[in-house]
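**Student:** show me the folded form of this:
(chains A, B, C, D, E and F)
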There are 6 protein chains.
Amino acid sequence: MKRKMLYVGSFDPITNGHLDLINRSAKLCDRLIVGVAENPAKKGRYSVEDRLHMLDLVISHLDNVETDSFTGLLADYAKRRGVEAVVRGLRATMDFEYELQMAHMNARLYRSGIETLFLMTDPAYSFVSSGLVSEVFLFGGNVEGLVPDPVLAYMKKIR
Amino acid sequence: MKRKMLYVGSFDPITNGHLDLINRSAKLCDRLIVGVAENPAKKGRYSVEDRLHMLDLVISHLDNVETDSFTGLLADYAKRRGVEAVVRGLRATMDFEYELQMAHMNARLYRSGIETLFLMTDPAYSFVSSGLVSEVFLFGGNVEGLVPDPVLAYMKKIR
Amino acid sequence: MKRKMLYVGSFDPITNGHLDLINRSAKLCDRLIVGVAENPAKKGRYSVEDRLHMLDLVISHLDNVETDSFTGLLADYAKRRGVEAVVRGLRATMDFEYELQMAHMNARLYRSGIETLFLMTDPAYSFVSSGLVSEVFLFGGNVEGLVPDPVLAYMKKIR
Amino acid sequence: MKRKMLYVGSFDPITNGHLDLINRSAKLCDRLIVGVAENPAKKGRYSVEDRLHMLDLVISHLDNVETDSFTGLLADYAKRRGVEAVVRGLRATMDFEYELQMAHMNARLYRSGIETLFLMTDPAYSFVSSGLVSEVFLFGGNVEGLVPDPVLAYMKKIR
Amino acid sequence: MKRKMLYVGSFDPITNGHLDLINRSAKLCDRLIVGVAENPAKKGRYSVEDRLHMLDLVISHLDNVETDSFTGLLADYAKRRGVEAVVRGLRATMDFEYELQMAHMNARLYRSGIETLFLMTDPAYSFVSSGLVSEVFLFGGNVEGLVPDPVLAYMKKIR
Amino acid sequence: MKRKMLYVGSFDPITNGHLDLINRSAKLCDRLIVGVAENPAKKGRYSVEDRLHMLDLVISHLDNVETDSFTGLLADYAKRRGVEAVVRGLRATMDFEYELQMAHMNARLYRSGIETLFLMTDPAYSFVSSGLVSEVFLFGGNVEGLVPDPVLAYMKKIR
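**Tutor:** Just a heads-up that it's a prediction; the model follows:
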């Protein structure tokens, strides 16, 4: 049986924590879709195109991974793509409670039985979030090692 | 001695979790006021009139419950209405800490000795919040069973 | 309608945090039963008789409060005593999660609809527990102000 | 590619929360091993044989699930059984932090790259644990609906 | 060796909880800088000048304490001022997780080895935050005892 | 002014997380006492002598650090040793709440004004505890990198 999973986020921008989760998730299924969530009501720091480009810079070597973007309900998107499970990363308690709420809501919305799977973020990246990385970068701080090198290069280029 | 209690929230819109708490709270006192908190600085999704109407749709059969709205400090409103206790629902840890902070602040502001009572939300509704319900509804998701049926009908009518 | 509530704990020994909750709970009902939970499998530091005696030392002046002890399930005891609600104190997140679990289990066991009500502990006593007080006392530390004075006197007497 | 996963616990006894997780996990892989962890230093309420028997009572109809027991390190057992991932259930924050610690420790011990996958427990069972169920059962409380019916029948039989 | 520490915050306005931490931190070092963080993207309720003035009203009697304001990364400011450690106050779990994330990020950014030291807020002030105090004050609530008296007088004067 | 601090724990055995905190704490004061807490009621895995020996194996090169052991109240020991502050490490929320309770209790017991200072554990060691390390070691797991090498050698020698 072919197993297809979905890993979603805003990836604004992709961090080394995200990349670690993509690498680990890709080993758990036959096909992994990395979906950039586009929220019309909340403009991100980078355009969806830039976010997809930064993702592609670091995961194009992975055979069974593809990138995509979507708007609307995750539950609808997951159904449309025919995945078996949605993968989420967990860092700390605050993540956990938000994720718990979303997972239960989605379990209700999927009905079809799509699962939400959680993986723990590597402790070395437990303090890294896209928002914090962007803010530090904006103020001229050094974010080397927090985002993949090609991503950092691109962030500098389009600054 | 007549016991009067107050249950406040934004009820934007009322969910089945709220309704469960109203039913349970009504049994704990002689009179329960359900107060819609109106925050001039934070416009809700529904007008206060619509929120009160949706409340009335589902609690008008309860003899000892009345609805109302208020602005300003909860402590002042509670004193003005002469209640003995304010009832709050608790879902998860993040709720808990915010509620803990508010309860201590209110204890200081009441002085008169109005109590804050907490009831645990039914686990079946632990993931349901007005905000999440509204967002799912906005994107066309199915929120049946998360809000009372008459409320859902009204939400569809005024969409 | 007469309202009867139950406040249970091990009270091993009663602290000023407990006493504050008893005083506040007594105002919320017509009759408050303070029940010492006796666990045959977990011997306390003080005998149930001593715990009841220490309770009586500080609450005998409260007209509508009585003390009692019980073994077995809280749900059964609450039903037997015909109370409308069980009162619990909340201090911090760890308390909260344990209490959440117990409240949901009890909600199932009561069926009859006995409520669990939570009151926040006064921040001044948020760090005080029977266990910590006993341990500090055992090592000769000063627990004045953490337990009521008559209780401390008794603890010293029977040491 | 054949995917093999492992779901471990003390199952002392198996609850409806566990059963829900077994059913959901079985859909995520080609073969699921349900492993009863035997801790020589901490005797359970039921013997490992009884625990395995109670498991078999309710999962023998699942084609791709088998039961087993083990002692020693989970990391070693997982490697020996050649699984790709270990599945764990998450209920609340206290679970979460313990599980986070174990997942990171195991990630270090596996090295081979066995993943720990977390699934959220159904909110309806969020308050159910083997320990609490056993205690309520011991005191004569009604645990129907918290453990599978055939398991309850067996618990009564061997009481 | 002279020890220099930094205590930063928005101090919008300074509360009695902050003042307690300043007094305690000042005893732990030879020189304490109290730094008002100025965020160009998030206007506070009071101007940075007013915030500094309110700070000066209550700490000018402390010999080894000076006030200052800064924009940009805390890590850069701390390095520029040559401090050995940054002091932070902790109130509750939500504070804790945010602070944990910032401390790890800063540890990475400092590199030079500046420490982040945490002190627990006095339980009596555990529910007091600048934001909550401002909101209560705005709605005409009594915040006496939550902010220092000279600060309250100034808040009333410039209202 | 000479600053003297105290870092206490059971160190049963010392881990790399402890060692990191000792190194960082030693830079914050003129003299650091590392105190092994001896609890007559709770025998550790290693004798106090072995724990002190393992500490000495890895910190004897630090000029301003000395080791010691104590029984009884930390507050009394801290007073007796004349320290200005007690240093504690924080890993996660569960640590945090326990530490918060102890810090407030100690603040009351010190009276003299000894501070409790918290440092965040390096994320790389956030999942490492003496108890978990001992258990893994006992079952033959590889704890290299979790405890200092000379400590691991000693643990193997006296196994």
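
**Student:** give me the neighbour count for the nearest residue to A:Gly141 once chain neighbours are set aside.
**Tutor:** With C-beta to C-beta, 6 or more residues apart in numbering or on different chains as the measure, E:Leu73 is the residue that lies nearest to A:Gly141, at 5.0 Å, once sequence neighbours are left out. Any C-beta I mention is one placed from the backbone N, CA and C, and that applies to glycine too. Number of residues near E:Leu73 (other C-beta atoms under 10 Å in any protein chain shown) recorded here: 19.

**Student:** got the contact list for E:Leu73?
**Tutor:** A:136, A:139-141, E:109 (C-beta atoms under 8 Å, 6 or more residues apart in numbering or on different chains).

**Student:** for chain A, longest helix please?
**Tutor:** helix A:93-110 (DSSP state H).

**Student:** buried sites along that one?
**Tutor:** For helix A:93-110, the neighbour count (16 or more other C-beta atoms under 10 Å in any protein chain shown) marks A:93-97, A:99-110 as buried.

**Student:** coming back round to it: now, which of the contacts of E:Leu73 sits nearest D:Met120?
**Tutor:** A:Val136 (31.9 Å; C-beta to C-beta).

**Student:** surely that closest one is in a helix?
**Tutor:** Yes: looking at A:Val136 with DSSP: H, G, I helix; E, B strand; the rest coil, it is inside a helix.

**Student:** ok, it touching E:Met105?
**Tutor:** Yes: contact status for A:Val136 versus E:Met105: in contact at 6.9 Å, counting by C-beta atoms under 8 Å.

**Student:** where does chain A get nearest to chain D, residue-wise?
**Tutor:** Taking C-beta to the nearest C-beta, chain D has its nearest neighbour within chain A at A:Phe118, 3.9 Å off.

**Student:** quick check: bridge partners of the nearest residue to A:Leu55 once chain neighbours are set aside?
**Tutor:** Nearest residue to A:Leu55, sequence neighbours excluded (C-beta to C-beta, 6+ apart): A:Thr67, at 4.9 Å. Beta bridges link A:Thr67 to A:Val34, judged by DSSP bridges.

**Student:** residues contacting A:Thr67?
**Tutor:** Counting by C-beta under 8 Å, 6+ apart, A:Thr67 touches A:33-36, A:52, A:55-56, A:59.

**Student:** ok, now how distant is it from A:Asp56?
**Tutor:** 6 Å (C-beta to C-beta, to the nearest Å).

**Student:** from the contacts of E:Leu73, which would you call buried?
**Tutor:** Neighbour-count burial (16+ other C-beta under 10 Å) is assigned, among those, to A:136, A:141, E:109.

**Student:** so how far is stretch A:54-73 from its chain's centroid?
**Tutor:** Distance of stretch A:54-73 from its chain centroid, counting by C-alpha atoms, centre = their mean, to the nearest Å, is 9 Å.

**Student:** now do stretch A:28-37
**Tutor:** 9 Å.

**Student:** can you show me the strands along chain A?
**Tutor:** A:4-9, A:31-37, A:65-70, A:85-90, A:115-120 (DSSP state E).

**Student:** turn those strands into TSV, columns for distance to D:Asn16.
**Tutor:** Converted to TSV, the strands of chain A look like this (distance: least, C-beta to C-beta, whole Å):
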stretch	distance to D:Asn16
strand A:4-9	27
strand A:31-37	32
strand A:65-70	35
strand A:85-90	22
strand A:115-120	18
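
**Student:** what about the helix or strand of chain A with the lowest mean pLDDT, near chain C?
**Tutor:** The weakest-scoring helix or strand in chain A, judged by mean pLDDT, DSSP states H and E, is helix A:93-110 (a mean of 79). No: shown here: helix A:93-110 not in contact with chain C (C-beta under 8 Å from any C-beta of the partner chain), separated by at least 8.6 Å.

**Student:** what's that helix packed up against?
**Tutor:** In terms of contacts (3 or more C-beta pairs under 8 Å, 6 or more residues apart in numbering or on different chains; DSSP states H and E), helix A:93-110 is packed against helix A:74-81, strand A:85-90, strand A:115-120, helix B:93-110, helix B:130-138, helix D:93-110, strand D:115-120, helix E:93-110.

**Student:** got these as CSV, with distance to B:Arg24 columns?
**Tutor:** As requested, the helices and strands packed on helix A:93-110 are exported to CSV (distance: least, C-beta to C-beta, whole Å):
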stretch, distance to B:Arg24
helix A:74-81, 30
strand A:85-90, 33
strand A:115-120, 30
helix B:93-110, 17
helix B:130-138, 18
helix D:93-110, 24
strand D:115-120, 26
helix E:93-110, 27
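
**Student:** C:Asn23 is nearest to which of the ones you listed?
**Tutor:** helix B:93-110 (13.1 Å).

**Student:** now do the same contact list for A:Leu152.
**Tutor:** A:Leu152 makes contact with A:143-144, according to C-beta under 8 Å, 6+ apart.

**Student:** related to what we said a few turns ago, same list, the strands of chain A, but as JSON lines with distance to F:Arg81 and mean pLDDT please.
**Tutor:** Shown next, in JSON lines, are these (distance: least, C-beta to C-beta, whole Å; pLDDT from 0 to 100):
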{"stretch": "strand A:4-9", "distance to F:Arg81": "50", "mean pLDDT": "95"}
{"stretch": "strand A:31-37", "distance to F:Arg81": "55", "mean pLDDT": "97"}
{"stretch": "strand A:65-70", "distance to F:Arg81": "58", "mean pLDDT": "97"}
{"stretch": "strand A:85-90", "distance to F:Arg81": "41", "mean pLDDT": "92"}
{"stretch": "strand A:115-120", "distance to F:Arg81": "40", "mean pLDDT": "92"}
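
**Student:** to D:Thr15, which of the ones you listed lies closest?
**Tutor:** The nearest among those, by C-beta to C-beta, is strand A:115-120 at 19.6 Å.

**Student:** what's that closest one packed up against?
**Tutor:** Where contact means 3+ C-beta pairs under 8 Å, 6+ apart, strand A:115-120 is packed against helix A:16-26, strand A:85-90, helix A:93-110, helix D:93-110, strand D:115-120.

**Student:** go again with 6 Å.
**Tutor:** strand A:85-90 (3 or more C-beta pairs under 6 Å, 6 or more residues apart in numbering or on different chains; DSSP states H and E).

**Student:** got the angle between the strand it packs on and strand A:115-120?
**Tutor:** Orientation check (axes from the mean of the first three to the mean of the last three C-alpha atoms, to 10 degrees): strand A:85-90 against strand A:115-120 gives 30 degrees.

**Student:** quick one: pLDDT of the closest residue to chain E within chain A?
**Tutor:** Closest residue of chain A to chain E, C-beta to the nearest C-beta: A:Phe127 (3.5 Å). In this model, A:Phe127 is scored at 88, pLDDT.

**Student:** if we can go back for a sec, PyMOL command for the buried members of the contacts of A:Thr67?
**Tutor:** Selection of buried members from the contacts of A:Thr67 for PyMOL, criterion 16+ other C-beta under 10 Å:
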select buried, chain A and resi 33+34+35+36+52+55+59
